[in-house]
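Q: Sequence and predicted model, in that order:
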Amino acid sequence: MRRNQLGDLPYERDRIGRLNRPSGGLLYGEWENKYTASLYPFVANLVAQIIIPANPRRAYVLIQNKDAANDLLVNFGQKPSAFNGVIIAPRGNYEFVGGSFGGAFVPSDSVWVLGTAAAMDGVLVEGVLPVE
């Protein structure tokens, strides 16, 4: 048997270290997820509306357009329109990941939506940092 081929390289999960143990991976209590997530279903119409208010602890946002045929317009801190909104295609989504307080890519402003048709279903997932 030949050694030192690509298939012989160890995986990181197989190395013994602070977070890895030969018997079964992560040890209880070594890492704790302190973020919380909330799911906000909404119905977008032809009139712009706020679906969640501003939140300075926001660290994650996912907005999904569940409509199969129409675009959804989204904006932060102000009403969306055809000229100043992000367009989410049918069955598409828009995601921001920051991961820390005041994350560089996650707006803390209120989230506004505007449907290009009446009664469009959507969902927003917001992840927030804990109060410490």
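A: Sure thing, it's come through.
Q: Could you report the neighbour count for residue 119?
A: Residues lying near residue 119 (other CB atoms under 10 Å) number 11. Yep, even glycine has a C-beta here, placed from its N, CA and C like the rest.
Q: just checking, it touches residue 45?
A: Yes - applying CB atoms under 8 Å, one finds residue 119 in contact with residue 45, separated by 6.5 Å.
Q: Count the residues that sit near residue 56.
A: Per other CB under 10 Å, the neighbour tally for residue 56 reads 10.
Q: Where does it sit: helix, strand or coil?
A: Following DSSP: H, G, I helix; E, B strand; the rest coil, the label given to residue 56 is coil.
Q: How about it: what's its closest non-neighbour residue?
A: In space, and not counting its chain neighbours, residue 56 is closest to residue 108: 4.9 Å by CB to CB, 6 or more residues apart in numbering.
Q: Also residue 73?
A: residue 85 (3.5 Å).
Q: Look up how far residue 115 lies from the one you found.
A: Per CB to CB, to the nearest Å, residue 85 is found 11 Å from residue 115.
Q: more neighbours, these two?
A: Using other CB under 10 Å as the criterion, residue 85 and residue 115 rank with residue 115 on top: 24 against 20.
Q: Show me the shaky parts of the protein.
A: 1-33, 99-104, 132 (pLDDT under 70).
Q: what about the strands in it?
A: Under the criterion DSSP state E, strands of the chain are mapped to 36-44, 49-52, 58-65, 72-76, 86-88, 93-97, 111-115, 120-128.
Q: quick one: buried residues of the first one?
A: Of the residues in strand 36-44, those buried under the neighbour-count criterion (16 or more other CB atoms under 10 Å) are 42, 44.
Q: In its sheet, which strands sit next to it, and in what direction?
A: Strand pairing for strand 36-44, determined by DSSP bridges: strand 120-128 (antiparallel).
Q: Just the buried residues of the strand it pairs with, please?
A: Applying 16+ other CB under 10 Å to strand 120-128 flags 120, 122, 124, 126, 127, 128 as buried.
Q: For that strand, give me every contacting residue.
A: For strand 120-128, contacts defined as CB atoms under 8 Å, 6 or more residues apart in numbering pick out 35-45, 51-52, 55, 57-67, 70, 72, 111, 113.
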